[in-house]
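Colleague: test case, fold it:
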Amino acid sequence: MPRAKTILAIETSCDETALALVRCSGGLRAPKFVVEKSLISSQIAIHRPFGGVVPNLAKREHLKNLPKLFKRIGGSAVMKKIDAIAVTVGPGLEPALWTGITFAQELAKKYDKPLIGANHMEGHLYSALLPMQKPTAHGPLPTRSIKFPAIALVVSGGHTILLRMTAMNKWTVLGETLDDAAGEAFDKVARIIGLPYPGGPEIQKIAATGDPNAIKFPRPMLNKKNYEFSFSGLKTSVLYYLRDNPKANKANVAASFQEAAVDVLNKKTKRAAEEYKAKTIILCGGVSANKPLQERLRTTADELRAHFIVPDFHYNTDNAAMIAAAAYLRTAAKKKKLRMEAQGMLSL
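Modeller: Below you'll find the model as predicted:
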C-alpha cells in the first residue's frame, strides 16, 4: 500500500479562496482521506452587486486572502509536516488560477516541497470520497467508497458532465452540456426573476414556497437518445414567460424552472445508470448542493439498488480538500503531470 501523504492544497479557480490540509492514504484501490483542516474565504458579498464573478476582483481578493489563510492553517510550522503541495491549474478563471499557482510555487521553493497540479473537475469528482462531517437523516454514514461501474453527474456553474466510471482513474464522458451549464442556468434565471447572486441557493429558497407544476417549462433534450444537455432554451423559456406574464408568481416560476432542470438531470442520469448497470450513482459539483436534485437522485439510486454518494455541503462547493484528493489520486495513477500554468479550459 502506498505511503500516507499529507498534502497542503490550494484552490483559487473562481471566487473562493481555499486551503486545506489533508492526510491521504490507500492508493487507487482503497483511497482514504482525513481532512485535518479545510478553510474557505468566500467572495460572494463582493461579486453580488455585479450579478456574477468579476475576474479581476476575484484575483485581487485571492491575493489578499491567500497569505491570511496560510497563516490560519499553520504557516511555516505546518510546512514541516507536509509531503507535498497541490494547486488547481484549471479549469477556471485564469487570472484567479494564476494567483494560486504563483503562491504555491513560492511555497514549494521556499520550503523545498514537491508541487502537484490538480484538475478542478477531478477534484469535484473525487469530493465523493471525502469523509462526511456529521450524520444525516438518511441512516448510517455511508462508507465513502465507490463500487464500479459508477455513473457520476458533475454539475457546477461552468460544467454539466455525465461520466461512466469503470475504475477510480478510468472514466468515459457520456455527455455534457452543449450551451449553458446547469449552475449557469440557475444563476441566469435568478437574475431574470430578480434574485441576487449566486442564483442556485436563491432559486431553491424561493422555490420551496412555490408550485413546481404551475408552469410547464420545456425539458430540453430529454427525449434525445444521448446524454448531452442543453439549458439555454429552458432559460429563454423563463425569460419569455415573464415577458408575457409580468405579474406571475415568482415562487411558482422558480419552482417550475427548478423542477424542469432537476427532471432532465435525474432522468438522463437514471437512463445512463440503467444502461451501464451502475452500482454507484455520484452527484457532485456546486449544483449538487440543491436538495431537490439530491432527493430525486437518491430515490433513483434506491429504485436501481445502487449506492448513492453526494458530498457534504462543505465539499460540494469549491474547496481545497477535493484538490488534495485529486492531486493524490492523479499521482497514485501515475498520470501525466499537469503543466504548472493556468489552463482555463482544462477538461476531464
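Colleague: how far out from the middle of the chain is stretch 20-39?
Modeller: Centroid separation between stretch 20-39 and its chain, computed with CA atoms, centre = their mean, to the nearest Å, is 18 Å.
Colleague: buried set for it?
Modeller: Using 16 or more other CB atoms under 10 Å as the test for burial, stretch 20-39 gives 20-27, 31, 33, 35, 37-39. Every C-beta, even on glycine, is put in place using the N, C-alpha and C of the backbone.
Colleague: over to stretch 274-293?
Modeller: 276, 278-290, 292-293.
Colleague: look up phi and psi at the most centrally placed residue in the chain.
Modeller: Central residue of the chain (CA atoms, centre = their mean): Gly285, 2.0 Å from the mean position. The phi and psi values for Gly285, taken as degrees, to the nearest 10, are phi 100, psi 170.
Colleague: and the pLDDT for the nearest residue to it once chain neighbours are set aside?
Modeller: Of all residues not flanking Gly285 in the chain, Ser156 sits nearest, at 3.8 Å (CB to CB, 6 or more residues apart in numbering). What the model reports for Ser156 is a pLDDT of 88.
Colleague: helices of the stretch 1-150 of the chain, start to end?
Modeller: Listed in chain order, the helices of the stretch 1-150 of the chain (DSSP state H, counting those that start in this stretch) span 44-47, 55-73, 75-79, 94-111, 120-126.
Colleague: how about the ones you listed in a markdown table, adding distance to Ile85 and mean neighbour count?
Modeller: Conversion of these to a markdown table gives the following (distance: least, CB to CB, whole Å; neighbours: other CB atoms under 10 Å):
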| stretch | distance to Ile85 | mean neighbour count |
| --- | --- | --- |
| helix 44-47 | 27 | 14 |
| helix 55-73 | 11 | 17 |
| helix 75-79 | 9 | 13 |
| helix 94-111 | 5 | 19 |
| helix 120-126 | 15 | 27 |
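Colleague: switch those helices over to JSON lines; also include distance to Ala208.
Modeller: Listed next are the helices of the stretch 1-150 of the chain as JSON lines, based on distance: least, CB to CB, whole Å:
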{"stretch": "helix 44-47", "distance to Ala208": "20"}
{"stretch": "helix 55-73", "distance to Ala208": "30"}
{"stretch": "helix 75-79", "distance to Ala208": "41"}
{"stretch": "helix 94-111", "distance to Ala208": "32"}
{"stretch": "helix 120-126", "distance to Ala208": "25"}
